[in-house]
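> test case, fold it:
(chains A and B)
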Amino acid sequence: MFCIFVLCAALIAGLVAWFLRPTQQYIGGEPQESLKPVLRLPGGDWGPPAPYLHYSRGPGVYKMQLVFDSLLERDGSGYIPWLATGYQVLDQGRTYVFKLRQGVKWHDGRKLTPEDVLFSFEYALRHPPVQAHITSENITMSVEEDSFIVHLDFPDAAMLGKLGSVRIIPKHIYENIEDPIGFLEPSAFIGTGPFKLEQYNREHGTYRFVENSDFFGPAPKVSAIEFVPVSDETLALLQGDLDAATIPPDAISLFADLEQFAVMQNPGFWGYRLLFNMNVEPLGSIKFRQALAHGIDRQQLVEKIARGAGVLGSYGILPVDHINYNPQVIDYPYDPELAKQLIAEEEIAIPSLSILVAGEREARIGQLLKEQLAEMGIELNIRSVDAKTKDTLIQTGQYQLGLIGHGGMGMDPDYLRIRFAQEKAGQMISQVSSVGFANDEINRLCLKQRKTTDESLRQDYLNQLQNLIAENIPEIPLFCTTDYFVYNREKLDGWVYMFDHHEPTHCNMSYLVHP
Amino acid sequence: MSKPHRLLEYGLTLFVLFNLNFILPRALPGDPLLTLVNTDQSFSVLTAEQLDYFTSYYGLDEPLSRQYLKYWQGLLTGELGKSIYFKEDVASLVLRRLGWTVLLVGSGILLSSLVGVILGSWAAWCQGSWFDRALYFFLVCLAETPVFLIGTLLLFTLGARLHWFPLGGAMTHFASYGSRPGQLLDILHHAALPVVTLALSRLGSSFLLSRNTMVATLNEEFMHTAYLKGLPGKTRLFKHGLKNCLVPVITRTLTSLGTMIGGAVLVENLFAYPGIGGLLQQAVLACDYPLMQGILLVTSISVVTMNLLGDLLCYRLDPRAR
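Residues are numbered from 1 along each chain as shown, chains lettered A, B, ... in the order given. Prediction:
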């Protein structure tokens, strides 16, 4: 018994010593005194905030972007000059010339040079970062005085965004690093961004970024941003443990009478779409798909699934908040009688179909669709599997109707080409479209818009493309969620959305003084 | 069974578990590299050459037989590999979080066993009374209540409403502590709700085992002899009765570690606690084979070790077993 007692005492002492060990990882030196507020946001471990180290999720990317800049930045209207003061697109979209900003300093005090920019691009081609924007196909680069020049073999309308988003890393630090994934020294976090990383603790999922007083751009509005893990964001916001968070629609009423809180509704760039296997009759018939479109009450899905915090999807695929959305695109309003009429006119045999879903939310959507289609006389069976299995079945075309949900719908509209005109199925669920769909005119327009760098001409192609897609209904975009963002206006006001993204805490402009 | 045979049995169990540790993560649907690309679907994809780069970097292009050999090599040298998702050594990742889970699970087991034994003994002593019946009913209901529901109720009442405890995390972040005891108190303050949640989730089974064992013990002849000798009730209960019913309780306590770790996953998620439960969940979602292997390895070894310890303690405490 004495031995057991000694063993337990030693174990407890060891545990106590373990818990009291220093856990905070100081990266950027001692905290500075400032009159500006400290902002507290929901934390969680999204990886060390460096281009080769963060995890491949949104929160990881955008924490990294607080520290590392790119040639262009994004605000509500589009791309704006950042490390590049301007750019030219020449030679019908085959040449990009970025004029580099002077007087920019790294967090360690050294000056940013054009060689740093060239090095960053070359390094990204040799060692793909987590957010890989460019590939070695189609691209050669050089610097001339204070300009960075990129030559492409063929024009690519999406290339401005890709080039403008590559993170610039310091050559004097990374030039001798052959394994950036294993590079975890404090110097791995030296960037030019408006914030410096002061503390990061992986196991607790906490970050502390402090303002960069030598930042070249607009001054930060806060002295520091702290990311802390919480069990429930709504409760933490009410208690003052957080200053901003995304709140479920049902909890919005809790903030209605509280003066210090303001509510914004996020744009709809995350949503659900219904795919068809057109090799299964009668899903190959356009009339039948149009009948399905008229027979599905998408507003009911918004009310019951998204609790009212959603917008209907556009049949042209680009969501209503997308910068290239065509407001004239064809719609198919809910009309079950018209749906039955279309089926009767085409003399289509009423089928029994199955829908592939994963997870509780999708199962509920499937159940609502089952009830709605039953009114048209269509029997819909729900086939529920786990998420990874569903992704595999969708990508290999083993389904009749497939329900998928994903984000990124605000991205460059070239994803329409990847989804509808690419020969090989994409890697990600967002790139997958219905099985057996092919349309030469859509393919042609997809390729045309890709090679056009004239914005108004490209918009024209995109408008035609959206209409053509809507006419053919290769898939039904059900709805996009528009979550509520609640913030304490006494701490920080003036939140900004990037033109293609749904989360204001991910936009650097939210933390900087701007008109 | 003799000691060498018993040790051989445990060794064989570990061998089977180590093999399952290799097979099970790879049997899960999903591809670690596709998960690595992103699931937010907001970013550009990897090209074929980039996919090849990462496939080669993480050794995913090697044949299964080679991966299996490397796995056993790593086991024997203590090299558990690099996490695909977290990009860090698995051993370092797991060890940094293990202490927090040990704190939760260990304290939860200790608390539930202590309280369960006391209440169980008391209820057995008052068998048939209103106290026994009320306690029995309440704790059976508690035993059937999901652990996340218990945690949510505690969080809302003691955390959000009464502000007695913090809403999550393992400590107050970015705080400067005046002293070491102050830091320790802060850690214990944050651990209180998760520990109580785990303890309550297990209290019912601990109470039932103690009560039933004690009822059987109280009906033994030696207890009747103790009564005839005129020993006070407390002495009969705690000195004679409890000693004899501790063996199954201790064994059960040590062997319940596996289920407690399962409960800890839910509790760690609910309270944003940095233990290996949450890490395992992320590893499964990301199809991170090396990390899943590492965590399952640590869990398997812990459970088997606790079972062995339970056997040895049983052997030590009960002269009849020797």
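> distance of A:Phe255 relative to chain B?
Computed as C-beta to the nearest C-beta, to the nearest Å, the A:Phe255 to chain B distance reads 15 Å. From N, CA and C alone the C-beta is placed, and that goes for glycine too.
> pretty sure A:Cys446 sits against A:Leu416.
Yes - with contact defined as C-beta atoms under 8 Å, A:Cys446 reaches A:Leu416; the gap is 5.9 Å.
> neighbours of the residue lying closest to A:Gly182 once chain neighbours are set aside, how many?
Nearest residue to A:Gly182, sequence neighbours excluded (C-beta to C-beta, 6 or more residues apart in numbering or on different chains): B:Lys87, at 7.8 Å. A count of nearby residues for B:Lys87, using other C-beta atoms under 10 Å in any protein chain shown, gives 22.
> same deal with B:Ser113?
Residues near B:Ser113, counting by other C-beta under 10 Å, number 23.
> quick check, it in a helix?
Yes - judged by DSSP: H, G, I helix; E, B strand; the rest coil, B:Ser113 forms part of a helix.
> tell me if I'm right that it and B:Val249 touch.
Yes - B:Ser113 lies in contact with B:Val249 (C-beta under 8 Å); the separation is 6.7 Å.
> overlap in contacts of the two?
The contact sets of B:Ser113 and B:Val249 overlap at B:Ser206 (C-beta atoms under 8 Å, 6 or more residues apart in numbering or on different chains).
> per-residue confidence at the closest residue to A:Trp270 other than its chain neighbours?
Nearest residue to A:Trp270 in three dimensions, chain neighbours excluded: A:Gly407, at 4.0 Å (C-beta to C-beta, 6+ apart). Looking at A:Gly407, its pLDDT is 88.
> and chain A, what are its domains?
Under automatic domain parsing, the residue ranges defining each domain of chain A are A:72-174, A:270-481.
> quick one: B:Val215 from A:Gly161, how far?
Per C-beta to C-beta, to the nearest Å, B:Val215 is found 74 Å from A:Gly161.
> that older thread, residues that sit against both of A:Cys446 and A:Leu416, list them.
The contact sets of A:Cys446 and A:Leu416 overlap at A:Leu465 (C-beta under 8 Å, 6+ apart).
> need the helices for the stretch 351-500 of chain A, in chain order.
Taking DSSP state H, counting those that start in this stretch, the helices of the stretch 351-500 of chain A run over residues A:359-374, A:387-395, A:415-420, A:440-451, A:455-472.
> report pLDDT for residue 73.
Chain wasn't specified; assuming chain A. pLDDT for A:Glu73: 96.
> not quite, go with chain B.
pLDDT for B:Gln73: 84.
> show me what contacts it?
So B:Gln73 contacts B:Glu79 (C-beta under 8 Å, 6+ apart).
> and it, what are its phi and psi?
When read as degrees, to the nearest 10, the backbone of B:Gln73 gives phi -60, psi -50.
> which helix or strand contains B:Leu193?
helix B:180-218 (DSSP states H and E).
> so after that helix, what's the next helix or strand?
Following helix B:180-218 in sequence, per DSSP H and E, is helix B:221-228.
> using the three-state scheme, assign residue 242.
Since you didn't name a chain, this refers to chain A. Three-state call for A:Leu242 (three-state DSSP): coil.
> meant chain B actually
With three-state DSSP as the basis, B:Leu242 sits in helix.
> contact partners for it?
By C-beta under 8 Å, 6+ apart, the contact list for B:Leu242 reads B:117, B:121, B:214.
> grab the most central residue of the chain for me.
Going with chain A. A:Gly408 (4.5 Å; C-alpha atoms, centre = their mean).
> please go with chain B instead
In chain B, the centroid-proximal residue (C-alpha atoms, centre = their mean) is B:Ile261; its distance is 2.6 Å.
> looking at residue 186 now. What's its pLDDT?
All of this is about chain A. 93.
> sorry, should have said chain B
90.
> can you report how many residues lie near it?
16.
> with adjacent residues omitted, what lies nearest to residue 211?
Defaulting to chain A. Spatially, and ignoring its direct neighbours in sequence, A:Glu211 is nearest to A:Pro220 (4.0 Å; C-beta to C-beta, 6+ apart).
> my bad, the chain I had in mind was chain B
Excluding the flanking residues, the one nearest B:Arg211 by C-beta to C-beta, 6+ apart is B:Gly120, at 3.9 Å.
> the one you found: what's it in contact with?
The neighbourhood of B:Gly120, defined by C-beta under 8 Å, 6+ apart, consists of B:206-214.
> where does it sit: helix, strand or coil?
Per three-state DSSP, the secondary structure class of B:Gly120 is helix.
> shaky segments in chain B?
Residue ranges of chain B with pLDDT under 70: B:1-3, B:29-54, B:58, B:317-322.
> how about chain A?
Using pLDDT under 70, chain A drops low at A:1-11, A:14-15, A:17, A:20-33, A:422-430.
> tally of neighbours for the residue in the stretch 151-300 of chain B that chain A sits nearest to?
Closest to chain A within the stretch 151-300 of chain B is B:Gly168: 3.3 Å, counting by C-beta to the nearest C-beta. Neighbours of B:Gly168 under the rule other C-beta under 10 Å: 24.
> I am finished for the moment; much appreciated.
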